[in-house]
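*Asks:* 3D, please:
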Amino acid sequence: MMESPYAPLMKVKKIQVRQFKRFTDLTIEGLPDTARLVMLAGPNGSGKSSLFEAMHSWHRHSWKRTGGWDPGYHSKLQGDEAVRSWGNTGTVEFHGEPPTTDDQRRKAIYVRSAYRNDPEFQVGSLSRVESLLTETRVNRLIDNDAAVGRNYQRMASQGLEDVYERESADVTMGQFRERTIGEIRNSVLRLFPNLELNSLGNPLTHGTFRFTKGSAAGFLFKNLSGGEKAAFDLILDLIVARREYDDTVYCIDEPEAHMNARLQGELLSVLYSLVPKNCQLWLATHSIGMMRRARDISVEQPGTVAFIDFEDRDFDVVQVLEPVQPNRAFWQRAYTVALDDLAALVAPSRVIICEGATTAMGAKGNANLDSDCYNTIFEQEFPETKFLPGGNCSAVETDRLALMESIQALVSGAVVVRLIDRDDHSAVDVEEKRKQGIRVLTRRNIESYLYDDEVLTALCAEKGRPDVSPNLLDAKRDAVAAAIARGKPSDDAKAAAGEIFNAARKLLDITGGGNDPRTFMRATLAPLIKPGMKVYEDLYRDVFGERR
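*Replies:* From the prediction side, this is the model:
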């Protein structure tokens, strides 16, 4: 028998949605096949749930599950025109071979809505449960997606089948209980250390989940808090579903419902760990805890997390969304969505006081230059770090403005670092300052990094003129030589900045890149310094120390 060419790799490659709910013509593309977690960010009403509804509708249509189409709900209404069926509303493309058999199509998408409410249940009899793949839970994602009681029946039934059909019948009740509830219990304990699932009760008379909570034994499911029920529901559902949905894109809308911020990030970790390795987890969330945990996973496992931002999109016109890099602007929007007016109170975990004056210190024109450049360069890799100007070198060294004390008083646990230019400090001076906790650049000033040959070469490439880079580098050398002739140090790029700026504008015909060398550095050169460049790594080492 020939082996099927179908290779299980349920990772979404591209989604297209047309004339569906709020979307006129939406394409989501650029998703890598390495992404195991996809985070949808954006405020209420931005389209995240509508996307899951579109994926759910496509899934029903793809395995010919008819019925349930509601033109007033599913279609994007334009006058009297409305789509009348599941077809032609969109497509979902996967990396690898598309699902072809009935089972493959049925298990391609698994969606849990934001409307999950199963406050209590009690089972009085137990019967054989059919395959989960043939079950239709909801037609629309606004329908109540109650799953706990149903999953209880399924879990008990499957457990008995395992014992009496698939495994040896010589299994004790203790082994049966551990086989049935062990993984669920351990996952719940990660979130609630004092809540231990210990029994299914008697499925033939008074079947329900029973817990030990603190000193209370036999604590019934119906007595759990809203947050405990919400987390238990999702954990139970995923563990039960993945037995058959083992080649699947899992979509969960607002998994954080009813939970405090401390639990939300850990819940994401638990759900992520439960999803089969070849599958993909999509979450639509407002939770900053979940977004932060997703960022941690992306750092720990590069390439495994994709962020899609629905903020400020007009879906009445054609829109194409691609994964974004979560820089400082992205996180500020996420904080605003999650915390509303409290977003302004969310402080960075690390503050670096560097040289430079603000307008409050009497600076005119290009105030905050150094801090603005540092923030631009490092915002992607260190969105929780904020650079602030603290005056001249002496003011930063002595903390003349008392910024360190003020920041630490306002932001509990914040790390505050001082950073100064190298200037003409001797090696002995530098070592002494480092002992005092003051970081010192290895180059004379920030201009020495911004006007580095590597950056100027990248500038030519960005402007589509890589052939001009030798001329620009020659112009830089001439400018430095002229500055030296004026008595400036040979490593003082700041002294040559004006001539280099003029040469770049002339050779590359740059417009809108800044009216003067300092604005040019902030607006044009700083964004070019990125991870992977030697100049970036040199500056990284000076500011943050050696990479671990």
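*Asks:* Select the helix or strand of the chain having the lowest average pLDDT value.
*Replies:* Lowest on mean pLDDT, DSSP states H and E among the helices and strands of the chain sits helix 403-410, with a mean of 66.
*Asks:* State the distance from Ala458 to Leu508.
*Replies:* Between Ala458 and Leu508 the distance is 12 Å, computed by Cβ to Cβ, to the nearest Å. C-betas here are computed from N, CA, C, even on glycine.
*Asks:* ok so, going back, output the helix or strand following the least confident helix or strand of the chain as CSV - backbone C-alpha positions only.
*Replies:* Remark: after helix 403-410, the chain's next helix or strand is strand 415-420, criterion DSSP states H and E. Below are the C-alpha coordinates for strand 415-420, written out as CSV (Å, rounded to 0.1, in the frame of the first residue of the first chain):
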residue,chain,number,x,y,z
VAL,A,415,16.8,48.4,38.0
VAL,A,416,18.4,51.8,37.4
VAL,A,417,21.7,52.0,35.5
ARG,A,418,23.9,55.0,34.6
LEU,A,419,25.6,55.2,31.2
ILE,A,420,28.1,57.8,30.0
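*Asks:* partner strands of strand 415-420, parallel or antiparallel?
*Replies:* strand 350-354 (parallel), strand 438-440 (parallel) (DSSP bridges).
*Asks:* what helix or strand is Cys251 on?
*Replies:* Cys251 belongs to strand 249-253, assigned by DSSP H and E.
*Asks:* Remind me what that strand packs against, helices and strands.
*Replies:* Secondary-structure packing of strand 249-253 (3 or more Cβ pairs under 8 Å, 6 or more residues apart in numbering; DSSP states H and E): helix 48-62, strand 109-112, helix 226-241, strand 280-284.
*Asks:* Throw these into a markdown table and include mean neighbour count and distance to Ile15, thanks.
*Replies:* Shown next, in a markdown table, are these (neighbours: other Cβ atoms under 10 Å; distance: least, Cβ to Cβ, whole Å):
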| stretch | mean neighbour count | distance to Ile15 |
| --- | --- | --- |
| helix 48-62 | 22 | 7 |
| strand 109-112 | 24 | 11 |
| helix 226-241 | 21 | 22 |
| strand 280-284 | 24 | 10 |
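*Asks:* Could you export the ones you listed to CSV, including columns for distance to Pro119 and mean pLDDT?
*Replies:* Formatted as CSV, the helices and strands packed on strand 249-253 follow (distance: least, Cβ to Cβ, whole Å; pLDDT from 0 to 100):
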stretch, distance to Pro119, mean pLDDT
helix 48-62, 23, 91
strand 109-112, 17, 94
helix 226-241, 7, 93
strand 280-284, 24, 97
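*Asks:* just to revisit the earlier point, quick one: closest of the strands paired with strand 415-420 to His206.
*Replies:* The closest of the strands paired with strand 415-420 to His206 is strand 350-354. By Cβ to Cβ, the value is 54.5 Å.
*Asks:* Kindly export the closest one (C-alpha atoms) in CSV.
*Replies:* Extracted C-alpha coordinates of strand 350-354, given in CSV (Å, rounded to 0.1, in the frame of the first residue of the first chain):
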residue,chain,number,x,y,z
ARG,A,350,14.9,48.8,33.9
VAL,A,351,15.7,52.4,33.4
ILE,A,352,19.1,53.6,31.9
ILE,A,353,20.0,57.2,32.6
CYS,A,354,22.3,58.4,29.8
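*Asks:* in that strand, what counts as buried?
*Replies:* Val351, Ile352, Ile353, Cys354 (16 or more other Cβ atoms under 10 Å).
*Asks:* what's in contact with stretch 195-212?
*Replies:* 120-126, 148, 152-153, 155-156, 177, 180-181, 184-185, 188-189, 213, 217-222, 224, 228, 232 (Cβ atoms under 8 Å, 6 or more residues apart in numbering).
*Asks:* show me the contacts for the nearest residue to Asp492 once chain neighbours are set aside.
*Replies:* Leaving aside its sequence neighbours, Asp492 sits nearest to Arg444 (Cβ to Cβ, 6 or more residues apart in numbering; 5.7 Å). Listed by Cβ under 8 Å, 6+ apart, the contact set of Arg444 reads Asp421, Arg422, Asp423, Pro489, Asp491, Asp492, Ala493, Lys494.
*Asks:* Go again with 6 Å.
*Replies:* Arg422, Asp491, Asp492 (Cβ atoms under 6 Å, 6 or more residues apart in numbering).
*Asks:* can you check Ile15 too?
*Replies:* Contacts of Ile15 by Cβ under 6 Å, 6+ apart are Ile28, Val92.
*Asks:* In which helix or strand does it reside?
*Replies:* According to DSSP H and E, Ile15 maps onto strand 12-20.
*Asks:* Would you mark the buried spots in that strand?
*Replies:* Applying 16+ other Cβ under 10 Å to strand 12-20 flags Val12, Lys13, Ile15, Gln16, Val17, Arg18, Gln19, Phe20 as buried.
*Asks:* Would you mark the buried spots in the strand holding Cys251?
*Replies:* Val249, Tyr250, Cys251, Ile252, Asp253.
*Asks:* quick one: which two of the residues you listed are the most distant?
*Replies:* Using Cβ to Cβ, the two most remote members of the buried residues of strand 249-253 are Val249 and Asp253, lying 13.5 Å apart.
*Asks:* residue ranges with poor pLDDT in the stretch 101-250 of the chain?
*Replies:* 159-174, 176 (pLDDT under 70).
*Asks:* what are the ranges of the strands in it?
*Replies:* Per DSSP state E, counting those that start in this stretch, the stretch 101-250 of the chain carries strands over the ranges 109-112, 195-202, 206-213, 216-220, 249-253.
*Asks:* export the ones you listed to a markdown table and tack on distance to Lys530?
*Replies:* Converted to a markdown table, the strands of the stretch 101-250 of the chain look like this (distance: least, Cβ to Cβ, whole Å):
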| stretch | distance to Lys530 |
| --- | --- |
| strand 109-112 | 36 |
| strand 195-202 | 46 |
| strand 206-213 | 50 |
| strand 216-220 | 53 |
| strand 249-253 | 31 |
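*Asks:* Domain-wise, how is the protein divided?
*Replies:* 12-340, 347-420+427-440, 443-548 (automatic domain parsing).
*Asks:* right, and Arg105 touches Trp63 too?
*Replies:* Yes - counting by Cβ atoms under 6 Å, Arg105 does reach Trp63; the two are 4.1 Å apart.
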